[in-house]
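Enquirer: I would like to see how this sequence folds:
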Amino acid sequence: MRTTIELSDDHRSVLHYLSAQRRLRGYSKLIQEAIDFYIKEKLEKGRSTKNLLKMRGNWNKEGARKFKKKLGE
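Expert: Numbers count the residues shown, from 1 in each chain. Sure thing, here's the model as predicted:
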């Protein structure tokens, strides 16, 4: 499907540069890859959050503190 998006001049320039490096005619393929990456990351984060919420109440305070510290690193 075709659609129109607005890009900053900086984004457009970088996309042209990256396309040229990969010998692509345009940057549609790069946009598709970026969208695929974004969707995958959001879905994985959602699953991770859902799994963490399922574990709620299973940790003692010390275990929760250690886990939070590990996430911050």
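Enquirer: How far does the helix or strand bottoming out on mean pLDDT in the chain sit from its chain's centre?
Expert: When the helices and strands of the chain are scored by mean pLDDT, DSSP states H and E, helix 61-72 comes last with a mean of 76. Its chain's C-alpha centre lies 24 Å from the corresponding centre of helix 61-72 when counted by C-alpha atoms, centre = their mean, to the nearest Å.
Enquirer: The longest helix seen in the chain - contacts with which helices or strands?
Expert: What stands out as the longest helix in the chain, according to DSSP state H, is helix 28-54. Here helix 28-54 touches helix 9-21, going by 3 or more C-beta pairs under 8 Å, 6 or more residues apart in numbering; DSSP states H and E. All C-beta atoms are positioned from the backbone trio N, CA, C, and that covers glycine.
Enquirer: Go through the helix it packs on and flag the buried ones.
Expert: Applying a neighbour-count criterion of 16 or more other C-beta atoms under 10 Å, one finds Leu15, Ser19 buried in helix 9-21.
Enquirer: Would you confirm that Leu30 contacts His16?
Expert: No. With contact defined as C-beta atoms under 8 Å, Leu30 does not count as touching His16 (9.7 Å).
Enquirer: Low-confidence bits of this structure, can you list those?
Expert: Of all residues in the chain, those with pLDDT under 70 make up the ranges 49, 52-53, 73.
Enquirer: do that again at 50, thanks
Expert: In the predicted model, the chain carries no residue with pLDDT under 50.
Enquirer: List phi and psi for the residue of it positioned farthest from its centre.
Expert: Taking C-alpha atoms, centre = their mean, the residue of the chain most remote from its mean C-alpha position is Asn60, at 31.4 Å. Its backbone dihedrals place Asn60 at phi -80, psi 170, with angles given as degrees, to the nearest 10.
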